[in-house]
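1. with the input below, show me the fold.
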Amino acid sequence: MLSRHPNQVVVETAGVGYEVNISVPTFSELPVNGSEVALHIYTHVREDLIALYGFLRPAEKRLFEKLITVSGIGPKLAITILSGMAADELAGAIRGNDLARLTKIPGIGKKTAERMVLELRDKLPETVGSASVPVAPMNPLEEDVLSALVNLGYQRAAAEKALASVVKNGKGGSFDSMFRQTLAALSK
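-> Okay, the predicted model is just below:
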């Protein structure tokens, strides 16, 4: 890998550098510049453009490929969607017909969200932790704690569960306090 940016990485293969579009979750898991990296590549060809889209996880690539089959969603918007919500959470929102959650993603309006649900609801596999358990809305402080834990590499579902138990037990307060207690709950 020669260089990386939040939405793009330049990888070298056989002496040739390729610009590859990536999602934010893929960016956050990439190693430092100069490291070897293996990406699952989707090649998008139009008459005036050849674009590469890369993913660290095959499941994220499969979800991307399903998203671009939806009318009105192209590769750029699909990358934006995957950057706006974790893949498991996105699949759960689509399967659960959660339009409110889908429309929070930049670039997704009500009609596009409805099309995503209509066209993909039965095509997405069941994912771990995405059973139709209603998720309580989080306040900005809780969202910050969850984001920090996911950025540290914890699974989103496990972090949400640990954070919910901390909040449920009335332990909270500041970001630092809530973060430390959730981290302690995760390490049990």
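
2. when you work out contacts or count neighbours from here on, use the C-alpha atoms and nothing else.
-> Will do.

3. now tell me which helix or strand of this protein has the poorest mean pLDDT.
-> When the helices and strands of the chain are scored by mean pLDDT, DSSP states H and E, helix 140-151 comes last with a mean of 78.

4. for that one, list every residue counted as buried.
-> Counting neighbours by 16 or more other CA atoms under 10 Å, one finds that the buried residues in helix 140-151 are 142, 145-146, 149-150.

5. return that helix as CSV; C-alpha atoms alone will do.
-> Only the C-alpha atoms of helix 140-151 are listed here, as CSV (Å, rounded to 0.1, in the frame of the first residue of the first chain):
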residue,chain,number,x,y,z
PRO,A,140,-24.8,11.7,21.5
LEU,A,141,-22.5,10.7,24.5
GLU,A,142,-23.4,7.0,24.1
GLU,A,143,-22.9,7.2,20.4
ASP,A,144,-19.4,8.7,21.0
VAL,A,145,-18.5,5.9,23.4
LEU,A,146,-19.8,3.2,20.9
SER,A,147,-17.8,4.8,18.1
ALA,A,148,-14.6,4.9,20.2
LEU,A,149,-15.0,1.2,21.0
VAL,A,150,-15.7,0.2,17.4
ASN,A,151,-12.6,2.2,16.3
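
6. pLDDT below threshold where in the protein?
-> 125-138, 171-172 (pLDDT under 70).

7. ok, for residue 144, nearest residue in space, not its chain neighbours?
-> In this structure, residue 144 finds its nearest non-sequential neighbour in residue 175, 7.8 Å apart by CA to CA, 6 or more residues apart in numbering.

8. isn't that neighbour right up against residue 141?
-> Yes - Residue 175 is within contact range of residue 141, at 6.4 Å (criterion: CA atoms under 8 Å).

9. list the contacts for the most centrally placed residue in the chain?
-> In the chain, the residue lying closest to the centroid (CA atoms, centre = their mean) is residue 86, at 2.6 Å. By CA atoms under 8 Å, 6 or more residues apart in numbering, residue 86 lies in contact with 25, 156.

10. coming back round to it: got a markdown table for the buried residues of helix 140-151, with distance to residue 122 too?
-> Formatted as a markdown table, these follow (distance: CA to CA, whole Å):
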| residue | distance to residue 122 |
| --- | --- |
| 142 | 31 |
| 145 | 33 |
| 146 | 29 |
| 149 | 31 |
| 150 | 28 |
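
11. hmm, which two among those are most spread apart?
-> Farthest apart among the buried residues of helix 140-151 by CA to CA are 142 and 150. That separation is 12.3 Å.

12. picking that back up, so the residue nearest to the centre of the chain versus residue 142, what's the distance?
-> From residue 86 across to residue 142, the span is 16 Å (CA to CA, to the nearest Å).
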